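Asks: A structural model of the following input is requested.
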Amino acid sequence: MAQDNADSISDQDFARFQSLLYKIAGIYLAPSKKVLLVGRLAKRLRALGLASFADYYRLVSAPDQGAERQTMVDLLTTNETYFFREPKHFDFLRDHILPHHPRGGSFEVWSAACSSGEEAYTLAMVLAEALGNAPWAVTASDISTQVLARAQSGHYPLERSRGIPPALLKKYCLKGVREQAGTFLICRELRSRIRFMHVNLIEPLPAIGPFDVIFLRNVMIYFDQPTKRKVVENLLGRLKPGGWFIVGHSETLNGIIEPRLLTAVRPTIYRKPL
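Replies: Numbering: from 1, shown residues only. Sure, this is the predicted structure:
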């Protein structure tokens, strides 16, 4: 069998990383992702002075290497996202959910796989426009500490602003000047309404919620069926009766969750019975 090095990996060692990532995060790396794994981790091996992926596996699987396992997860799970992605969901929130929210209580939304924060800030803009000074809040979580740090800063390259309607861009985003030229910052008013948290969706959840709406978009594509079921059932315990559960346009809960627990209202949009 060919031995792996910092630029290649044996089938045996790839299988070990597959198993480890599945155990840690519930994410299944298909065999076609071998090139991605090598590309994402090779630089880390060099930084640590390790000669092979076998050496790195021995390191990250050691009981006292929780921080390095988190670094590995960060490197393998960073995902592409952008403001107002899949805009029909935000239209539905604005036009069909928020008008029927009883005034008085705080409206609570969970962006459960927030990546670098664009979804959470998009939600905040929609809620600010619809609810104004009424009580509302967004909880945003991800398994990657790396993208969470970026999200919490609310600071993005200017080209990332594509997708934000001009009026909202002007109202809620501050254009960088001088050394910050070419960037923009989400305004403090919105940032103060968002709580960012490190959450692993396959582990016991922290004491958060209950929520009126949970966005779990474009993350279940990385899970197998048993893990999808486990994650959704886990999150349902944090959704209010009558609350809404929204998944990505390429995802479905058909065959994953029983209709008595979540009713399909539209494709990708579900509601918990009252």
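Asks: List the contacts of the closest residue in space to Val247 that isn't next to it in sequence.
Replies: Residue nearest to Val247 in three dimensions, not counting chain neighbours: Thr268, with 5.1 Å by C-beta to C-beta, 6 or more residues apart in numbering. To be clear about C-beta, it is placed using only N, CA and C from the backbone, and glycine gets the same treatment. Contacts for Thr268 (C-beta atoms under 8 Å, 6 or more residues apart in numbering) come out as His89, Ile246, Val247, Gly248, His249, Glu251, Thr252.
Asks: out of the residues you listed, which are buried?
Replies: A residue is treated as buried here by neighbour count (16 or more other C-beta atoms under 10 Å); on that basis the buried members of the contacts of Thr268 are His89, Ile246, Val247, Gly248, Glu251.
Asks: Now do the phi/psi pair for Tyr28.
Replies: Note on Tyr28: its backbone torsions stand at phi -100, psi 120 [degrees, to the nearest 10].
Asks: Distance of the closest residue to it other than its chain neighbours relative to Asn200?
Replies: Taking C-beta to C-beta, 6+ apart, and ignoring the residues beside it in sequence, Tyr28 has Asp224 as its nearest neighbour in space, at 5.3 Å. From Asp224 over to Asn200 the distance is 16 Å, taken as C-beta to C-beta, to the nearest Å.
Asks: try Ile194
Replies: With the distance defined as C-beta to C-beta, Ile194 ends up 20 Å from Asn200.
Asks: Who has more neighbours out of the two?
Replies: Between Ile194 and Asn200, counted using other C-beta atoms under 10 Å, Ile194 has the larger neighbour count: 22 against 15.
Asks: Apart from its neighbours in sequence, what residue is nearest the more buried one?
Replies: Skipping the residues right next to it in sequence, Ile194 comes nearest to Val138 by C-beta to C-beta, 6+ apart, at 4.6 Å.
Asks: what mean pLDDT does the host helix or strand of that neighbour have?
Replies: Assignment of secondary structure by DSSP states H and E places Val138 within strand 136-142. Averaging the model's pLDDT scores along strand 136-142 yields 97.
Asks: same thing with stretch 79-94?
Replies: When the per-residue pLDDT values of stretch 79-94 are averaged, the result is 94.
Asks: if we look at that stretch, which residues are touching it?
Replies: Surrounding stretch 79-94, the residues in contact under the criterion C-beta under 8 Å, 6+ apart are 113, 115-116, 118-119, 121-123, 126, 129-130, 147, 160-165, 213, 215, 217-219, 244, 246, 248-249, 266, 268-269.
Asks: mind showing which ranges of the chain have poor pLDDT?
Replies: 1-7, 78 (pLDDT under 70).
Asks: tell me the centre residue of it?
Replies: The centre of the chain sits closest to Ala113, judged by C-alpha atoms, centre = their mean, with a distance of 1.8 Å.
Asks: Now do that residue against Arg260, distance only.
Replies: Relative to Arg260, and taking C-beta to C-beta, Ala113 is found at 25 Å.
Asks: Let me see the ranges of the strands in this protein.
Replies: 107-111, 136-142, 155-157, 173-175, 183-186, 194-198, 211-216, 239-247, 263-266, 269-271 (DSSP state E).
Asks: what about the residue nearest to Ile194, neighbour count?
Replies: Using other C-beta under 10 Å, Val138 has 26 neighbouring residues.
Asks: Next up, the contacts around the residue nearest to Tyr222 when sequence neighbours are not counted.
Replies: For Tyr222, ignoring the flanking residues on the chain, the nearest one in space by C-beta to C-beta, 6+ apart is Ile27 at 4.5 Å. For Ile27, the contacting residues are Leu21, Leu76, Thr77, Tyr222, Phe223, taking C-beta under 8 Å, 6+ apart as the criterion.
Asks: Could you verify my assumption that the first one touches Ala30?
Replies: So that's Leu21. No - between Leu21 and Ala30 there is no contact, the gap being 11.5 Å when judged by C-beta atoms under 8 Å.
Asks: of those two, who's got more company?
Replies: Shown here are Leu21 and Ala30; by other C-beta under 10 Å, Leu21 has more neighbours (22 against 9).
Asks: How about the contacts made by that one?
Replies: Under the criterion of C-beta under 8 Å, 6+ apart, the contact list for Leu21 reads Ile27, Tyr28, Leu29, Met72, Val73, Leu76.
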